[in-house]
Each structure stands twice: as structure tokens, then as C-alpha cells.
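Novice: Sharing a sequence plus its predicted fold:
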Amino acid sequence: MAGKANTMPVISKLYCSSSQVVLAVRRRPHVVNGGGFVVTDCSQMVVFRVDGCGVLGTKGELVLRDGNGDALLLIRRKGGMVEALSIHKKWKGYSFDYEGSQKLVFTLKEPARSCLSNNNAIRISTEPKSSSKQCEYEINGYFPDRKCSIIDSTGNLVAQVGVKKEVEELMASKDVYQVVVKPGVDQAFVFGVIAVLDYIYGESTRC
């Protein structure tokens, strides 16, 4: 019963594991700028893939796919006059149902460009599921340094982004890193958030 209580599906409970999961992220090689990245498990099997604007041909848009290449999340940056007048830029993540219809599942608020620093938290809110309460999350740390985490509103660690020491010593770049996802946490949601962070900081998904 405790496992069920701790499960936090945002996209689907299919992506919530009963145990902690460590996944590796690698920038996708041999593609145009903004190609995205690939997420693999300990067996080198592809779990998720993120297509950036170099693949999609549209700026401010990302797609998270499962290991089979099926779209799980369409992520768009809200544009137009609303964004121009707002201090925070907003990203919205939409899941797909069996009929292909889009449903808003999370919103991420991006601080103004001048505020993108180690001390300015990026906040995420998920949409309520049935009668359950809306959940709030924020990013602690600095994603470009590969030292950041997603925490919930009560301060609990949800996912941790980092680089293995042996990898860090071999590579000067941050093209390969790992993400530790806590038990019961929706991994698809976590990598949807990471896809947006990647784009915000001008990395593999951005043209």
C-alpha cells in the first residue's frame, strides 16, 4: 500500500518504478544542431528520446518519445504578446491520449534571461488529476554544471542530475551525465523537465 501511496504519475504510472532508477543521458550524435538527446538504462536500452528543434524544424518546441519512438509529450514555449509582457516565460507539456488528443500535464516557468543563475529557482506545476491536488516542484542547483535536482513543495528530492566522477575525469564536456529518479516518480515527467532545461540553457535541443 505504501508503494501505491508514493506513486506520482504525471504522464503515466507505467513510468513510475517501485525502486530508485539511474538513467544515462547522452547528446545524440551525428545530427544537426538542436538534435536532442537519448536516455538509456543500465543495459544500454533506450528508454526515452528527446527531439529538439533541429529535428522538428520548430523553435521553442520539443518532443519526448519512448524507447519505440512513440510521442509521449509535446512541449511548447508559450509565445506572442503574453510572453513579451510577462517576466516569466512559460513552457507547457502536453501528453497524448489513445486518440491522439493533447492534454496539458505540466507548466514550467522560466525566469527572465538575466535571472538564469545558480540562485534563481525554476518552478514547475503539474495539472490536477481527478480530485487530487496540484503538485509544485522546483529546480535546485545549476543545470549547465550538471549539479541540480528536482524537489517537490515539501522539500523531498524527486530526481538528481549529476556526472559520475570517472566520466567527469575523462570528458571535459557535459555531453554524458546521469539522472537518479526516486521510487514512485514519473520518469517521463522528469525527462520532460530536463528537456526544457536543456533548451533554456542553449544545449543539445536548441538550434
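Specialist: Sure, I can see it.
Novice: Thr7: how many residues sit nearby?
Specialist: A count of nearby residues for Thr7, using other CB atoms under 10 Å, gives 15. (Glycine included, C-beta is placed from N, CA and C.)
Novice: Could you do the one 10 residues further on as well?
Specialist: For Ser17, the neighbour count with other CB under 10 Å is 16.
Novice: so how far is the helix ranked longest in the chain off the chain centroid?
Specialist: Longest helix in the chain, counting residues (DSSP state H): helix 187-200. On the basis of CA atoms, centre = their mean, to the nearest Å, helix 187-200 sits 1 Å off its chain's mean C-alpha point.
Novice: Going by neighbour count, list what's buried in it.
Specialist: For helix 187-200, burial by neighbour count (16 or more other CB atoms under 10 Å) applies to 187-200.
Novice: OK, contacts around Leu62?
Specialist: Going by CB atoms under 8 Å, 6 or more residues apart in numbering, Leu62 touches 36, 50-53, 56, 73-76, 195-196, 199, 205.
Novice: Between those residues, identify the one with the most neighbours.
Specialist: Highest neighbour count within the contacts of Leu62, by other CB under 10 Å: Thr205, with 31 neighbours.
Novice: re earlier: got the buried residues of helix 187-200 as JSON lines, with pLDDT and distance to Arg123 columns?
Specialist: Conversion of the buried residues of helix 187-200 to JSON lines gives the following (pLDDT from 0 to 100; distance: CB to CB, whole Å):
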{"residue": "Gln187", "pLDDT": "97", "distance to Arg123": "20"}
{"residue": "Ala188", "pLDDT": "97", "distance to Arg123": "19"}
{"residue": "Phe189", "pLDDT": "97", "distance to Arg123": "14"}
{"residue": "Val190", "pLDDT": "97", "distance to Arg123": "15"}
{"residue": "Phe191", "pLDDT": "98", "distance to Arg123": "18"}
{"residue": "Gly192", "pLDDT": "97", "distance to Arg123": "15"}
{"residue": "Val193", "pLDDT": "97", "distance to Arg123": "11"}
{"residue": "Ile194", "pLDDT": "97", "distance to Arg123": "15"}
{"residue": "Ala195", "pLDDT": "97", "distance to Arg123": "16"}
{"residue": "Val196", "pLDDT": "96", "distance to Arg123": "12"}
{"residue": "Leu197", "pLDDT": "95", "distance to Arg123": "12"}
{"residue": "Asp198", "pLDDT": "94", "distance to Arg123": "17"}
{"residue": "Tyr199", "pLDDT": "94", "distance to Arg123": "16"}
{"residue": "Ile200", "pLDDT": "92", "distance to Arg123": "13"}
